[in-house]
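Colleague: Here you go, sequence then predicted model.
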Amino acid sequence: MLLSQSARSVSALFNRWHFFASLASPPLPSSNSLSAVAPACPETVWIVPLQQHPWYDHVRLKRVFVTDGTRHQVVLVDMRKLLDCADRDNTDYVLKPVAEWHAGKVRGIREFLDPESTRIPQMPYVTISTRRAPGLLGWVGLEREGVVAFRNGQHRARYLAQAGARWCPVEVHEREAVLLREICGAADDARTAIRTMPLSHDGGA
């Protein structure tokens with residue numbers, strides 16, 4: 001009986017000490033409060049020059065995927081190489097050359113890309129794979145060619161090429177980024193020709 005009373009007394013003292021100790025220690029921040037104060041990653045705008053376009057001499061493009069931890073990358077591509085690969089796509093979604101578009105479609109994409117607009121268009125989003133190239137070397141498996149499929153932005157890509165854009169940023173899944181650079185990657189000149197700047201809070205660059 002005496003042992004039981006002693007055990008209860010020790011337990012009561014321990015509970016009292018734990019209560020006062022918890023008052024002295026500041027509460028740990030929750031995961032929500034930590035994420036709320038973490039600095040946001042600024043969004044980037046790519047300025048792509050146009051060499052054969054009388055309406056404006058550049059366009060602004062931004063990323064499709066901007067959330068932290070995204071598994072997509074931006075790759076600067078040679079437009080001619082990119083569209084050569086896109087023309088090999090064997091699906092039904094391969095557009096005709098811009099010269100064959102009706103006037104309303106041309107005007108619509110021109111207004112959509114206008115850098116004076118408050119809205120900044122997203123860059124093209126693509127996937128890339130390889131297949132056997134035509135000819136003997138392809139048949140024996142020694143030569144392969146790239147095939148690009150547009151997930152989004154095929155109209156703007158073909159219009160930009162027609163307007164004289166030599167290079168353009170496109171977004172691709174990280175597992176295909178190395179292959180896209182290898183087959184369609186832009187020359188070193190593109191890194192100086194295409195400028196980047198942070199997106200301002202009001203949506204402009």
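Modeller: In hand now; what should we look at?
Colleague: for residue 111, what are its contacts?
Modeller: The contact partners of residue 111, by CB atoms under 8 Å, 6 or more residues apart in numbering, come to residue 117. From N, CA and C alone the C-beta is placed, and that goes for glycine too.
Colleague: Could you check which helix or strand contains it?
Modeller: Element membership of residue 111, judged by DSSP states H and E, is helix 103-113.
Colleague: If you count neighbours, what's buried in whatever helix or strand comes next after that helix?
Modeller: Sequence order places strand 125-132 as the next helix or strand after helix 103-113, per DSSP H and E. Buried residues in strand 125-132, defined by neighbour count with 16 or more other CB atoms under 10 Å: 125-128.
Colleague: just stretch 64-79 next, same as before
Modeller: 64, 72-79.
Colleague: What about those, which are in strands?
Modeller: Among the buried residues of stretch 64-79, DSSP state E puts 72-78 in strands.
Colleague: sorry, back to before: please identify which of the buried residues of stretch 64-79 is nearest to residue 56.
Modeller: When these are ranked by distance to residue 56 (CB to CB), residue 79 comes first, at 17.4 Å.
Colleague: Next, the contact list for that closest one, please.
Modeller: 157, 160-161, 165-168.
Colleague: Secondary structure added to those residues, as CSV?
Modeller: Conversion of the contacts of residue 79 to CSV gives the following (DSSP: H, G, I helix; E, B strand; the rest coil):
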residue, secondary structure
157, helix
160, helix
161, helix
165, coil
166, coil
167, strand
168, strand
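Colleague: Out of those, which two sit at the greatest distance?
Modeller: Once CB to CB is applied, those give 157 and 166 as the farthest pair, at 12.7 Å.
Colleague: Looking at those two, which one has more neighbours?
Modeller: residue 157 (24 against 19; other CB atoms under 10 Å).
Colleague: Spatially nearest residue to that one, not counting backbone neighbours?
Modeller: Closest residue to residue 157 apart from its sequence neighbours, by CB to CB, 6 or more residues apart in numbering: residue 124 at 4.6 Å.
Colleague: Check residue 175 too.
Modeller: That would be residue 71: by CB to CB, 6+ apart, it lies 7.9 Å from residue 175.
Colleague: give me every residue that touches that neighbour.
Modeller: Here residue 71 is in contact with 173-175 (criterion: CB under 8 Å, 6+ apart).
Colleague: likewise residue 176?
Modeller: 127-129 are the contacts of residue 176 under CB under 8 Å, 6+ apart.
Colleague: try residue 141
Modeller: Counting by CB under 8 Å, 6+ apart, residue 141 makes contact with residue 132.
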